[in-house]
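>>> Quick check, what structure comes out for this input:
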Amino acid sequence: MPKTNEFETTSYEYNTSKKRFSNEANRHYTYSSADDLLNNTDDLIKIIRHHNEYQQKRLYELREYYLGNNTTILKGKRRREEHLADNRATHNFAKYVSQFIQGYMIGVPLKTTYSDDDDINEMLRDMNRNNDADEHNSDLVLDQSIYGRAYELIYRNINDEIRFTQLDVLNTFVIYDDTVERNSIAGVRYIRNQFQNDTTKVYVYTDSRIVVYDLDDSFNLTLVDDSQTHSFNGVPIIEYENNKFRQGDFEDVLNLIDLYDSAESDTANYMQDLNDAMLVIKGNLEIDTKEAQKMKEKNILMLQTEPYGEGRQPQADADYIYKKYDVGGTEAYKSRIENDIHKFTNTPNMNDERFAGNQSGEALKYKLFGLEQVRSIKERLFKKSLRDRYRLIKNIMKVASEGEFNVNDIDITFTPNLPKSLKDEIEAFVKLGGDLSDETKLSLLSFIENPQEEMERIKNESPRSEYA
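Just a heads-up that it's a prediction; the model follows:
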(Lines give C-alpha, C1' and ligand atoms only; values in the text may rest on other atoms or scores of the structure.)
Protein backbone atom coordinates (compact mmCIF):
# COMPACT_ATOMS: atom_id res chain seq x y z
CA MET A 1 0.00 0.00 0.00
CA PRO A 2 1.22 3.53 -0.72
CA LYS A 3 2.40 5.57 2.22
CA THR A 4 1.58 9.16 3.09
CA ASN A 5 3.91 11.60 1.31
CA GLU A 6 5.23 8.78 -0.83
CA PHE A 7 5.15 11.22 -3.74
CA GLU A 8 7.98 13.28 -2.21
CA THR A 9 11.64 12.51 -2.71
CA THR A 10 14.18 12.29 0.09
CA SER A 11 14.60 15.57 1.96
CA TYR A 12 17.95 16.96 3.10
CA GLU A 13 18.04 19.47 5.94
CA TYR A 14 20.42 22.42 5.86
CA ASN A 15 20.25 26.18 6.22
CA THR A 16 18.35 27.62 3.27
CA SER A 17 17.38 30.99 4.75
CA LYS A 18 19.26 32.86 2.01
CA LYS A 19 17.93 30.77 -0.87
CA ARG A 20 15.48 32.36 -3.28
CA PHE A 21 13.44 29.17 -3.73
CA SER A 22 12.59 26.35 -1.37
CA ASN A 23 14.05 22.87 -1.85
CA GLU A 24 10.49 21.78 -2.57
CA ALA A 25 10.17 24.17 -5.51
CA ASN A 26 11.66 21.82 -8.09
CA ARG A 27 11.11 18.29 -6.86
CA HIS A 28 10.01 15.40 -9.06
CA TYR A 29 6.84 13.66 -7.91
CA THR A 30 6.92 9.88 -7.55
CA TYR A 31 4.28 7.31 -6.64
CA SER A 32 3.97 3.53 -6.71
CA SER A 33 1.43 3.30 -9.59
CA ALA A 34 -1.38 5.20 -11.29
CA ASP A 35 -4.04 2.79 -9.96
CA ASP A 36 -2.81 3.27 -6.40
CA LEU A 37 -2.87 7.03 -6.87
CA LEU A 38 -6.43 7.07 -8.23
CA ASN A 39 -7.54 4.82 -5.38
CA ASN A 40 -5.97 7.18 -2.84
CA THR A 41 -7.20 10.60 -3.89
CA ASP A 42 -6.03 12.10 -0.59
CA ASP A 43 -2.47 11.65 -1.83
CA LEU A 44 -3.42 13.14 -5.19
CA ILE A 45 -4.74 16.18 -3.32
CA LYS A 46 -1.45 16.45 -1.40
CA ILE A 47 0.53 16.44 -4.63
CA ILE A 48 -1.67 19.10 -6.24
CA ARG A 49 -1.53 21.22 -3.10
CA HIS A 50 2.25 20.83 -2.90
CA HIS A 51 2.60 21.94 -6.53
CA ASN A 52 0.29 24.88 -5.95
CA GLU A 53 2.01 26.08 -2.77
CA TYR A 54 5.67 25.39 -3.55
CA GLN A 55 6.35 24.88 -7.25
CA GLN A 56 4.06 27.55 -8.70
CA LYS A 57 5.84 30.30 -6.76
CA ARG A 58 9.17 29.54 -8.46
CA LEU A 59 7.61 29.13 -11.90
CA TYR A 60 5.65 32.37 -11.57
CA GLU A 61 8.73 34.36 -10.47
CA LEU A 62 10.76 33.02 -13.42
CA ARG A 63 7.94 34.06 -15.74
CA GLU A 64 7.91 37.55 -14.22
CA TYR A 65 11.64 37.98 -14.79
CA TYR A 66 11.25 36.86 -18.40
CA LEU A 67 8.50 39.46 -18.86
CA GLY A 68 10.74 42.16 -17.36
CA ASN A 69 8.86 42.45 -14.06
CA ASN A 70 11.94 41.81 -11.93
CA THR A 71 10.31 41.17 -8.58
CA THR A 72 13.14 42.15 -6.20
CA ILE A 73 13.63 45.72 -7.45
CA LEU A 74 9.88 46.32 -7.74
CA LYS A 75 8.90 45.35 -4.21
CA GLY A 76 9.50 46.98 -0.85
CA LYS A 77 10.72 50.44 0.11
CA ARG A 78 14.23 51.38 -1.07
CA ARG A 79 14.62 55.02 0.12
CA ARG A 80 14.35 56.17 3.74
CA GLU A 81 13.21 59.72 3.00
CA GLU A 82 9.91 60.24 1.26
CA HIS A 83 11.09 63.23 -0.76
CA LEU A 84 14.00 61.38 -2.42
CA ALA A 85 13.69 59.82 -5.87
CA ASP A 86 12.77 56.14 -5.91
CA ASN A 87 13.34 54.90 -9.45
CA ARG A 88 12.92 51.16 -10.11
CA ALA A 89 14.83 50.26 -13.28
CA THR A 90 14.36 46.68 -14.50
CA HIS A 91 16.71 45.11 -17.03
CA ASN A 92 15.44 42.20 -19.05
CA PHE A 93 18.55 40.02 -19.07
CA ALA A 94 16.26 37.01 -18.60
CA LYS A 95 14.52 37.51 -21.95
CA TYR A 96 17.85 38.16 -23.67
CA VAL A 97 19.31 34.90 -22.34
CA SER A 98 16.29 32.73 -23.15
CA GLN A 99 15.62 34.18 -26.58
CA PHE A 100 19.28 33.99 -27.54
CA ILE A 101 19.49 30.31 -26.55
CA GLN A 102 16.13 29.59 -28.18
CA GLY A 103 17.26 31.17 -31.45
CA TYR A 104 20.68 29.53 -31.33
CA MET A 105 19.25 26.09 -30.67
CA ILE A 106 16.20 26.01 -32.88
CA GLY A 107 16.27 29.18 -34.99
CA VAL A 108 16.93 26.73 -37.81
CA PRO A 109 13.96 24.33 -37.50
CA LEU A 110 14.92 20.81 -36.50
CA LYS A 111 14.50 18.09 -39.12
CA THR A 112 12.81 14.72 -38.57
CA THR A 113 13.30 12.21 -41.37
CA TYR A 114 12.49 8.53 -41.76
CA SER A 115 14.69 7.30 -44.58
CA ASP A 116 13.59 3.64 -44.63
CA ASP A 117 10.06 4.31 -45.88
CA ASP A 118 8.96 7.21 -48.07
CA ASP A 119 5.31 6.81 -47.04
CA ILE A 120 6.15 7.08 -43.34
CA ASN A 121 8.44 10.02 -44.07
CA GLU A 122 5.60 11.76 -45.91
CA MET A 123 3.18 10.99 -43.08
CA LEU A 124 5.51 12.47 -40.46
CA ARG A 125 6.10 15.55 -42.61
CA ASP A 126 2.35 16.13 -43.05
CA MET A 127 1.73 15.62 -39.33
CA ASN A 128 4.41 18.15 -38.42
CA ARG A 129 2.96 20.66 -40.84
CA ASN A 130 -0.60 20.18 -39.57
CA ASN A 131 0.61 20.76 -36.01
CA ASP A 132 2.90 23.70 -36.89
CA ALA A 133 5.73 21.66 -35.39
CA ASP A 134 8.40 24.30 -36.04
CA GLU A 135 6.62 26.90 -33.93
CA HIS A 136 5.54 24.28 -31.39
CA ASN A 137 9.09 22.98 -30.89
CA SER A 138 10.41 26.52 -30.61
CA ASP A 139 7.88 27.31 -27.87
CA LEU A 140 8.86 24.16 -25.98
CA VAL A 141 12.53 25.18 -26.12
CA LEU A 142 11.61 28.63 -24.79
CA ASP A 143 9.66 27.14 -21.87
CA GLN A 144 12.60 24.85 -21.14
CA SER A 145 14.89 27.87 -21.01
CA ILE A 146 12.60 29.91 -18.75
CA TYR A 147 11.27 27.29 -16.34
CA GLY A 148 13.71 24.41 -16.73
CA ARG A 149 10.85 22.27 -18.02
CA ALA A 150 8.12 22.21 -20.67
CA TYR A 151 5.03 20.08 -21.19
CA GLU A 152 3.28 18.70 -24.26
CA LEU A 153 -0.05 16.92 -24.65
CA ILE A 154 -0.68 14.37 -27.42
CA TYR A 155 -4.35 13.86 -28.27
CA ARG A 156 -6.79 12.85 -30.97
CA ASN A 157 -9.11 15.67 -32.08
CA ILE A 158 -12.78 15.47 -33.10
CA ASN A 159 -11.72 14.78 -36.70
CA ASP A 160 -9.74 11.76 -35.47
CA GLU A 161 -6.44 13.46 -36.29
CA ILE A 162 -3.30 13.26 -34.17
CA ARG A 163 -2.48 16.57 -32.52
CA PHE A 164 0.14 17.79 -30.05
CA THR A 165 -0.04 21.04 -28.12
CA GLN A 166 1.95 22.93 -25.50
CA LEU A 167 0.65 23.03 -21.91
CA ASP A 168 1.03 25.79 -19.33
CA VAL A 169 3.97 24.95 -17.06
CA LEU A 170 2.37 26.70 -14.08
CA ASN A 171 -0.46 24.17 -13.77
CA THR A 172 0.99 20.97 -15.23
CA PHE A 173 3.22 18.25 -13.84
CA VAL A 174 4.13 14.60 -14.40
CA ILE A 175 4.25 11.86 -11.75
CA TYR A 176 6.81 9.07 -12.14
CA ASP A 177 7.00 5.59 -10.66
CA ASP A 178 9.44 4.73 -7.87
CA THR A 179 11.60 2.39 -9.95
CA VAL A 180 15.11 3.13 -11.20
CA GLU A 181 13.67 3.52 -14.72
CA ARG A 182 11.53 6.48 -13.58
CA ASN A 183 8.67 5.79 -15.98
CA SER A 184 5.83 8.31 -16.09
CA ILE A 185 2.62 6.92 -14.59
CA ALA A 186 0.40 10.01 -14.75
CA GLY A 187 0.23 13.55 -16.07
CA VAL A 188 -1.83 16.17 -14.22
CA ARG A 189 -3.13 19.54 -15.34
CA TYR A 190 -5.41 21.69 -13.21
CA ILE A 191 -7.18 24.77 -14.51
CA ARG A 192 -8.99 27.38 -12.45
CA ASN A 193 -11.89 29.16 -14.14
CA GLN A 194 -12.64 32.40 -12.29
CA PHE A 195 -15.76 32.92 -14.42
CA GLN A 196 -17.41 29.68 -13.24
CA ASN A 197 -17.60 30.09 -9.47
CA ASP A 198 -13.82 29.88 -9.23
CA THR A 199 -13.91 26.14 -9.85
CA THR A 200 -10.76 24.17 -10.59
CA LYS A 201 -10.86 21.29 -13.04
CA VAL A 202 -8.27 18.57 -12.54
CA TYR A 203 -7.38 16.24 -15.42
CA VAL A 204 -5.36 13.12 -14.64
CA TYR A 205 -3.92 11.30 -17.68
CA THR A 206 -2.73 7.73 -17.20
CA ASP A 207 -1.48 5.31 -19.85
CA SER A 208 -5.07 4.36 -20.73
CA ARG A 209 -7.54 6.76 -19.09
CA ILE A 210 -8.40 10.41 -18.56
CA VAL A 211 -10.01 11.05 -15.17
CA VAL A 212 -11.65 14.42 -14.42
CA TYR A 213 -12.20 15.94 -10.97
CA ASP A 214 -13.54 19.15 -9.47
CA LEU A 215 -11.36 20.78 -6.81
CA ASP A 216 -12.78 23.40 -4.42
CA ASP A 217 -10.94 26.09 -2.45
CA SER A 218 -10.64 23.76 0.56
CA PHE A 219 -8.86 21.20 -1.63
CA ASN A 220 -11.73 18.75 -1.63
CA LEU A 221 -11.71 16.54 -4.73
CA THR A 222 -14.93 15.38 -6.40
CA LEU A 223 -14.97 12.83 -9.21
CA VAL A 224 -16.64 14.17 -12.38
CA ASP A 225 -15.81 11.61 -15.07
CA ASP A 226 -13.70 8.45 -15.18
CA SER A 227 -15.08 6.94 -18.38
CA GLN A 228 -12.74 8.55 -20.90
CA THR A 229 -10.14 6.26 -22.41
CA HIS A 230 -7.38 6.64 -24.98
CA SER A 231 -5.21 4.28 -27.02
CA PHE A 232 -1.78 5.89 -26.78
CA ASN A 233 -0.54 3.06 -24.54
CA GLY A 234 1.42 5.63 -22.53
CA VAL A 235 0.91 8.85 -20.57
CA PRO A 236 0.06 11.46 -23.25
CA ILE A 237 1.62 14.34 -21.28
CA ILE A 238 5.36 14.53 -22.01
CA GLU A 239 7.86 16.50 -19.93
CA TYR A 240 10.80 18.20 -21.64
CA GLU A 241 13.60 18.84 -19.13
CA ASN A 242 16.18 21.56 -19.63
CA ASN A 243 18.84 19.73 -17.63
CA LYS A 244 19.19 17.19 -14.85
CA PHE A 245 18.08 19.67 -12.20
CA ARG A 246 15.29 21.27 -14.29
CA GLN A 247 16.93 24.67 -13.82
CA GLY A 248 16.15 27.56 -16.15
CA ASP A 249 18.90 29.14 -18.22
CA PHE A 250 18.88 32.44 -16.28
CA GLU A 251 17.77 31.08 -12.92
CA ASP A 252 21.22 31.03 -11.30
CA VAL A 253 21.92 34.68 -12.18
CA LEU A 254 18.71 36.16 -10.76
CA ASN A 255 20.69 37.70 -7.87
CA LEU A 256 23.12 39.27 -10.34
CA ILE A 257 20.21 40.73 -12.29
CA ASP A 258 18.90 42.18 -9.03
CA LEU A 259 22.30 43.76 -8.33
CA TYR A 260 22.39 45.35 -11.78
CA ASP A 261 18.82 46.66 -11.36
CA SER A 262 19.77 48.15 -7.98
CA ALA A 263 22.95 49.78 -9.30
CA GLU A 264 21.17 51.39 -12.26
CA SER A 265 18.28 52.49 -10.06
CA ASP A 266 20.66 54.10 -7.58
CA THR A 267 22.41 55.92 -10.43
CA ALA A 268 19.09 57.25 -11.70
CA ASN A 269 18.13 58.27 -8.16
CA TYR A 270 21.43 60.15 -7.79
CA MET A 271 20.90 62.06 -11.03
CA GLN A 272 17.37 63.01 -10.01
CA ASP A 273 18.33 63.90 -6.47
CA LEU A 274 21.08 66.14 -7.85
CA ASN A 275 18.43 68.24 -9.58
CA ASP A 276 16.77 68.71 -6.20
CA ALA A 277 20.01 69.44 -4.30
CA MET A 278 19.91 71.74 -1.28
CA LEU A 279 21.06 75.31 -1.81
CA VAL A 280 23.28 76.61 1.00
CA ILE A 281 23.94 80.38 1.40
CA LYS A 282 26.73 81.41 3.74
CA GLY A 283 27.63 84.89 4.97
CA ASN A 284 26.59 87.80 7.15
CA LEU A 285 23.55 88.95 5.24
CA GLU A 286 19.88 89.58 5.50
CA ILE A 287 17.67 88.10 2.81
CA ASP A 288 13.95 87.62 2.67
CA THR A 289 12.86 84.00 2.05
CA LYS A 290 10.29 84.94 -0.56
CA GLU A 291 12.79 87.11 -2.42
CA ALA A 292 15.32 84.27 -2.35
CA GLN A 293 12.71 81.91 -3.81
CA LYS A 294 11.95 84.32 -6.63
CA MET A 295 15.64 84.74 -7.45
CA LYS A 296 16.13 80.94 -7.48
CA GLU A 297 13.24 80.51 -9.90
CA LYS A 298 14.82 83.15 -12.18
CA ASN A 299 18.22 81.44 -11.90
CA ILE A 300 19.64 84.63 -10.38
CA LEU A 301 20.98 84.97 -6.85
CA MET A 302 21.97 88.46 -5.66
CA LEU A 303 23.58 88.52 -2.23
CA GLN A 304 24.18 91.74 -0.33
CA THR A 305 26.22 91.48 2.83
CA GLU A 306 25.94 93.50 6.02
CA PRO A 307 29.28 95.17 7.05
CA TYR A 308 31.06 94.09 10.20
CA GLY A 309 32.33 96.62 12.66
CA GLU A 310 35.80 98.17 12.40
CA GLY A 311 35.53 98.43 8.62
CA ARG A 312 35.76 94.72 7.88
CA GLN A 313 33.90 93.66 4.74
CA PRO A 314 32.07 90.32 5.09
CA GLN A 315 31.81 87.74 2.28
CA ALA A 316 28.85 85.70 1.08
CA ASP A 317 28.79 82.40 -0.81
CA ALA A 318 26.16 80.04 -2.19
CA ASP A 319 26.53 76.40 -3.25
CA TYR A 320 24.59 73.16 -3.57
CA ILE A 321 25.03 70.17 -1.26
CA TYR A 322 24.79 66.77 -2.91
CA LYS A 323 26.29 63.33 -2.59
CA LYS A 324 29.49 62.90 -4.56
CA TYR A 325 29.31 60.30 -7.34
CA ASP A 326 32.24 58.00 -8.21
CA VAL A 327 31.50 57.69 -11.92
CA GLY A 328 34.42 55.40 -12.78
CA GLY A 329 33.92 53.05 -9.84
CA THR A 330 30.16 52.78 -10.33
CA GLU A 331 30.38 52.10 -14.07
CA ALA A 332 33.11 49.50 -13.52
CA TYR A 333 30.91 47.81 -10.93
CA LYS A 334 27.95 47.61 -13.32
CA SER A 335 30.15 46.36 -16.16
CA ARG A 336 31.50 43.60 -13.93
CA ILE A 337 27.98 42.48 -13.02
CA GLU A 338 26.90 42.54 -16.66
CA ASN A 339 29.91 40.48 -17.73
CA ASP A 340 29.25 37.96 -14.95
CA ILE A 341 25.65 37.54 -16.12
CA HIS A 342 26.83 36.72 -19.63
CA LYS A 343 29.63 34.48 -18.36
CA PHE A 344 27.45 32.36 -16.09
CA THR A 345 24.67 32.00 -18.67
CA ASN A 346 27.14 31.22 -21.47
CA THR A 347 25.59 33.90 -23.66
CA PRO A 348 27.70 36.49 -25.51
CA ASN A 349 27.59 40.18 -24.74
CA MET A 350 26.75 41.62 -28.15
CA ASN A 351 27.88 45.07 -26.98
CA ASP A 352 31.37 43.75 -26.40
CA GLU A 353 33.72 45.21 -28.99
CA ARG A 354 35.65 41.93 -29.05
CA PHE A 355 32.49 40.19 -30.29
CA ALA A 356 32.94 41.57 -33.80
CA GLY A 357 30.27 41.20 -36.44
CA ASN A 358 32.76 40.48 -39.21
CA GLN A 359 34.03 37.21 -37.76
CA SER A 360 33.41 33.91 -39.51
CA GLY A 361 31.07 31.26 -38.20
CA GLU A 362 34.03 29.12 -37.14
CA ALA A 363 35.54 31.98 -35.17
CA LEU A 364 32.22 32.61 -33.44
CA LYS A 365 32.06 28.95 -32.41
CA TYR A 366 35.08 29.44 -30.17
CA LYS A 367 33.39 32.38 -28.45
CA LEU A 368 30.26 30.26 -28.06
CA PHE A 369 32.10 27.19 -26.78
CA GLY A 370 30.37 27.32 -23.39
CA LEU A 371 26.96 27.68 -25.01
CA GLU A 372 27.78 24.71 -27.24
CA GLN A 373 28.17 22.53 -24.14
CA VAL A 374 24.81 23.72 -22.84
CA ARG A 375 23.21 23.13 -26.23
CA SER A 376 24.46 19.55 -26.42
CA ILE A 377 22.83 18.74 -23.06
CA LYS A 378 19.56 20.43 -24.01
CA GLU A 379 19.58 18.71 -27.40
CA ARG A 380 19.98 15.22 -25.95
CA LEU A 381 17.14 15.72 -23.48
CA PHE A 382 14.91 17.26 -26.15
CA LYS A 383 15.52 14.33 -28.49
CA LYS A 384 14.64 11.91 -25.70
CA SER A 385 11.26 13.56 -25.19
CA LEU A 386 10.70 13.88 -28.95
CA ARG A 387 11.08 10.12 -29.28
CA ASP A 388 8.46 9.74 -26.55
CA ARG A 389 6.18 11.90 -28.70
CA TYR A 390 6.63 9.76 -31.78
CA ARG A 391 6.41 6.57 -29.73
CA LEU A 392 2.92 7.57 -28.57
CA ILE A 393 2.02 8.52 -32.14
CA LYS A 394 3.22 5.13 -33.37
CA ASN A 395 1.14 3.34 -30.72
CA ILE A 396 -2.12 5.01 -31.68
CA MET A 397 -1.42 4.67 -35.41
CA LYS A 398 -0.97 0.96 -34.90
CA VAL A 399 -4.30 0.72 -33.08
CA ALA A 400 -6.02 2.75 -35.82
CA SER A 401 -4.33 0.64 -38.56
CA GLU A 402 -2.81 3.79 -40.04
CA GLY A 403 0.70 2.41 -40.35
CA GLU A 404 3.62 1.43 -38.18
CA PHE A 405 7.24 2.52 -37.92
CA ASN A 406 10.32 2.12 -35.76
CA VAL A 407 10.81 5.21 -33.61
CA ASN A 408 14.55 4.56 -33.38
CA ASP A 409 14.82 4.92 -37.17
CA ILE A 410 13.68 8.55 -37.06
CA ASP A 411 16.61 10.89 -37.59
CA ILE A 412 16.29 14.09 -35.53
CA THR A 413 18.73 16.79 -36.61
CA PHE A 414 19.45 20.08 -34.84
CA THR A 415 21.34 22.83 -36.65
CA PRO A 416 22.93 25.63 -34.56
CA ASN A 417 21.77 28.98 -35.86
CA LEU A 418 25.17 30.48 -36.68
CA PRO A 419 26.13 32.89 -39.46
CA LYS A 420 27.86 30.93 -42.21
CA SER A 421 29.90 31.77 -45.26
CA LEU A 422 28.35 29.20 -47.60
CA LYS A 423 30.15 30.76 -50.53
CA ASP A 424 33.56 30.06 -48.97
CA GLU A 425 32.59 26.46 -48.19
CA ILE A 426 31.40 25.79 -51.73
CA GLU A 427 34.45 27.42 -53.32
CA ALA A 428 36.79 25.33 -51.18
CA PHE A 429 34.83 22.19 -52.05
CA VAL A 430 34.92 22.90 -55.78
CA LYS A 431 38.66 23.64 -55.69
CA LEU A 432 39.17 20.20 -54.19
CA GLY A 433 37.42 18.71 -57.21
CA GLY A 434 34.21 17.83 -55.41
CA ASP A 435 30.75 17.58 -56.91
CA LEU A 436 27.28 17.66 -55.38
CA SER A 437 24.07 15.86 -56.21
CA ASP A 438 21.08 17.89 -57.40
CA GLU A 439 19.22 17.08 -54.19
CA THR A 440 22.09 18.41 -52.06
CA LYS A 441 22.29 21.58 -54.15
CA LEU A 442 18.60 22.23 -53.58
CA SER A 443 18.98 21.52 -49.85
CA LEU A 444 21.50 24.38 -49.59
CA LEU A 445 18.80 26.89 -50.50
CA SER A 446 17.07 28.34 -47.43
CA PHE A 447 13.72 28.73 -49.22
CA ILE A 448 13.56 25.04 -50.23
CA GLU A 449 11.96 23.15 -47.35
CA ASN A 450 12.01 19.70 -48.96
CA PRO A 451 14.47 18.99 -51.82
CA GLN A 452 12.72 15.76 -52.82
CA GLU A 453 9.40 17.54 -53.26
CA GLU A 454 11.09 20.29 -55.27
CA MET A 455 12.71 17.71 -57.57
CA GLU A 456 9.30 16.09 -58.06
CA ARG A 457 7.76 19.46 -58.95
CA ILE A 458 10.52 20.10 -61.50
CA LYS A 459 9.92 16.66 -62.95
CA ASN A 460 6.17 17.28 -63.31
CA GLU A 461 6.60 20.74 -64.83
CA SER A 462 9.29 19.73 -67.33
CA PRO A 463 9.15 16.06 -68.44
CA ARG A 464 12.41 16.42 -70.35
CA SER A 465 14.26 17.77 -67.35
CA GLU A 466 17.45 16.07 -66.24
CA TYR A 467 15.61 15.08 -63.06
CA ALA A 468 13.27 12.80 -65.10
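>>> Return the residues in contact with the most centrally placed residue in the chain.
Per C-alpha atoms, centre = their mean, the C-alpha nearest to the average position across the chain is that of Ile146, at 2.1 Å. Neighbouring residues of Ile146 by C-beta atoms under 8 Å, 6 or more residues apart in numbering: 62-63, 66, 94, 98, 169, 248-250. For glycine as for every other residue, the C-beta is placed from the backbone atoms N, C-alpha and C.
>>> any low-confidence regions in the stretch 351-468 of the chain?
Counting by pLDDT under 70, the stretch 351-468 of the chain has low-confidence residues at 353-364, 419-425, 428-429, 431-433, 446, 462-468.
>>> that older thread, and the residue nearest to the centre of the chain, how far from Gln99?
Ile146 sits at a distance of 10 Å from Gln99 (criterion: C-beta to C-beta, to the nearest Å).
>>> Work out for me the element Ile154 sits within.
Element membership of Ile154, judged by DSSP states H and E, is strand 149-156.
>>> on that earlier part again, how about the contacts of Ile146 in a markdown table, adding distance to Ala133?
A markdown table is the format used below for these (distance: C-beta to C-beta, whole Å):
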| residue | distance to Ala133 |
| --- | --- |
| Leu62 | 25 |
| Arg63 | 24 |
| Tyr66 | 23 |
| Ala94 | 26 |
| Ser98 | 20 |
| Val169 | 19 |
| Gly248 | 23 |
| Asp249 | 22 |
| Phe250 | 26 |
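>>> Which of these fall in helices?
Counting by DSSP state H, these place 62-63, 66, 94, 98 in helices.
>>> Which pair in these has the greatest spatial separation?
Using C-beta to C-beta, the pair of the ones in helices among the contacts of Ile146 lying farthest apart is Arg63 and Ser98, separated by 10.8 Å.
>>> Quick one: the strands in the stretch 201-350 of the chain, in order.
The residue ranges that make up the strands of the stretch 201-350 of the chain, judged by DSSP state E, counting those that start in this stretch, are 209-215, 221-229, 237-241, 278-283, 316-321.
>>> What count of nearby residues applies to the nearest residue to Asp160 once chain neighbours are set aside?
Closest residue in space to Asp160, ignoring its immediate chain neighbours: Ala400 at 7.8 Å, by C-beta to C-beta, 6 or more residues apart in numbering. Burial of Ala400 is recorded as 12 neighbouring residues (other C-beta atoms under 10 Å).
>>> thinking again about what came up before, I'd like to know the average pLDDT value across the strand holding Ile154.
In this model, strand 149-156 carries a mean pLDDT of 97.
>>> could you say what helices and strands the helix or strand just after that strand packs with?
Under the assignment DSSP H and E, the closest C-terminal helix or strand after strand 149-156 is strand 162-167. Based on contacts counted as 3 or more C-beta pairs under 8 Å, 6 or more residues apart in numbering; DSSP states H and E, the elements that strand 162-167 packs against are helix 133-147, strand 149-156, helix 369-399.
>>> which secondary structure elements does the longest one contact?
Based on contacts counted as 3+ C-beta pairs under 8 Å, 6+ apart, the elements that helix 369-399 packs against are helix 93-106, helix 133-147, strand 149-156, strand 162-167, strand 237-241, strand 411-415.
>>> Among those, show the one with the smallest mean pLDDT.
strand 411-415 (a mean of 90).
>>> thinking again about what came up before, so which of the contacts of Ile146 comes closest to Lys294?
Distance to Lys294 across the contacts of Ile146 (C-beta to C-beta) is lowest for Ala94, with 50.3 Å.
>>> wait, the closest one sits on Tyr65?
Yes - under the criterion of C-beta atoms under 8 Å, Ala94 makes contact with Tyr65 at 4.2 Å.
>>> Quickly list what's touching both of the two.
250, 254, 257.
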